[in-house]
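Enquirer: here's my sequence, what's the structure:
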Amino acid sequence: MSSKVIYERFLWFHTKVRERKYPNTRSLAEKFEISRKTAQRDIAFMRDRLGAPLYYVPERRGFAYDIDAYELPGFWLNETELSSLLVSYRLASSIPDNHLKNSLKSFINKVISRFSGPGYVSIADLCEKVSVKNIEYSRTNEKIFQKTLEALLYGNTIRIDYRSPHTGNVTSRDILPLHLLQYMGTWHIIAYCALKNEIRDFVLSRIRSIALSPLKITHRAAESSIKNYIRKNFGIIYSNETVDICLRFSPEVAGWVAEQVWHPKQKTQWEDENTLCLIFPVADFREVKREILKFGSRVEVLSPERLREEIRQEIKKMGEIYR
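Expert: Residues are numbered from 1 along each chain as shown. The predicted structure is shown next:
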């Protein structure tokens, strides 16, 4: 049943009560050609879920309000809108902030109870039917996430102790958060870094401590430059220079790879009905090498030769381990 139709019944009943016409289940059922039980459920929903101050007047055989100032909620959700809200909650399961998730859950429960008709799916129902699973992601400290998000939303500069994944060294940085990004389950903050005097990417799981900074950074990057920073190259690794790579996938995985988007500027070419070549630009070989090695013998690097040689050397090292 459309929520619009249900709302029309509520609105009609509400109007009749306001006009002191004392509507009841029979008049509601006859007006909208519904069963008496459905009419009873509608009236109960208005009273119990929408907070309508309804009471039954025996001598008039109908309902009235004991508070004349009551009004129906000002908006209504249809099935698609409510489903979108529920799915959004499920997708938020990867947020490493229990307080934020609990607040969202409480809000959605209020929306469901106040602004949706009878018979809608609940959060409990959704959790049984929809799941989100991430693998190989970096675990983010809840307090780090909270303070980073607050700094981003309120435009505050923060001072972080940040561990480099390459050297293991920890450096102190004053940064102005510009954009929060979840990439393959791992949270990143794109920020202006006072130490490097440029926009940089910081993985939240590598932040060892965080606090408000006495240094005030007023840098404001255009939204287009942030989006370009994120989208320009494969993965999250940034550089001003890129190189196209070409990968040939064997029939065992070609169909699966053809369904994936590795880069917004990628091109695919079928050598035959079963063999796929994937071409896209990268700024750095480190991340794409990991992706290539996942496919083992089912992928071959055709170009550039430098990447092909790096993969060849990695395979040689692997061979020494398993010899």
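
Enquirer: CA atoms for contacts and neighbours, from now on please.
Expert: Noted.

Enquirer: tally of neighbours for the closest residue to Phe249 other than its chain neighbours?
Expert: The shortest distance from Phe249 to any non-neighbouring residue, by C-alpha to C-alpha, 6 or more residues apart in numbering, is to Val299 (4.5 Å). Neighbour count for Val299, taken as other C-alpha atoms under 10 Å: 21.

Enquirer: tell me the contacts of Val299?
Expert: Val299 makes contact with Leu247, Arg248, Phe249, Ser250, Ile292 under the criterion C-alpha atoms under 8 Å, 6 or more residues apart in numbering.

Enquirer: residue contacts, the fourth one?
Expert: With contact set as C-alpha under 8 Å, 6+ apart, Ser250 has these partners: Asn274, Thr275, Leu276, Arg298, Val299.

Enquirer: any idea how far it lies from Glu271?
Expert: Going from Ser250 to Glu271 by C-alpha to C-alpha, to the nearest Å gives 10 Å.

Enquirer: and what of the last one?
Expert: Counting by C-alpha to C-alpha, the gap from Ile292 to Glu271 is 19 Å.

Enquirer: with the second one instead?
Expert: Arg248 sits 9 Å away from Glu271, taking C-alpha to C-alpha as the criterion.

Enquirer: common neighbours of the two, please.
Expert: Cys277.

Enquirer: Glu59 and Val301: what is the separation?
Expert: Separation of Glu59 from Val301 (C-alpha to C-alpha) stands at 86 Å.

Enquirer: comparing those two, which shows the higher neighbour count?
Expert: Using other C-alpha under 10 Å, the more surrounded residue of Glu59 and Val301 is Val301, with 21 against 6.

Enquirer: now that one: phi and psi?
Expert: Backbone torsions of Val301, given as degrees, to the nearest 10, read phi -80, psi 120.

Enquirer: contact partners for it?
Expert: So Val301 contacts Ile245, Cys246, Leu247, Arg248, Leu307, Arg308 (C-alpha under 8 Å, 6+ apart).

Enquirer: what's the offset of the helix or strand hosting the first one from the middle of its chain?
Expert: The reference is to Ile245. Per DSSP states H and E, Ile245 falls inside strand 243-249. Centroid displacement of strand 243-249 relative to its chain, using C-alpha atoms, centre = their mean, to the nearest Å, is 30 Å.

Enquirer: quick one: low-confidence ranges for the stretch 201-323 of the chain?
Expert: Within the stretch 201-323 of the chain, the segments meeting pLDDT under 70 span 233-234, 236-240.

Enquirer: now do the strands in the chain.
Expert: 54-57, 62-65, 158-163, 170-183, 186-193, 198-203, 207-212, 243-249, 267-270, 276-282, 299-303 (DSSP state E).

Enquirer: would a markdown table of the ones you listed with distance to Glu128 be doable?
Expert: As requested, the strands of the chain are exported to a markdown table (distance: least, C-alpha to C-alpha, whole Å):
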| stretch | distance to Glu128 |
| --- | --- |
| strand 54-57 | 35 |
| strand 62-65 | 39 |
| strand 158-163 | 39 |
| strand 170-183 | 25 |
| strand 186-193 | 25 |
| strand 198-203 | 32 |
| strand 207-212 | 34 |
| strand 243-249 | 37 |
| strand 267-270 | 38 |
| strand 276-282 | 38 |
| strand 299-303 | 38 |
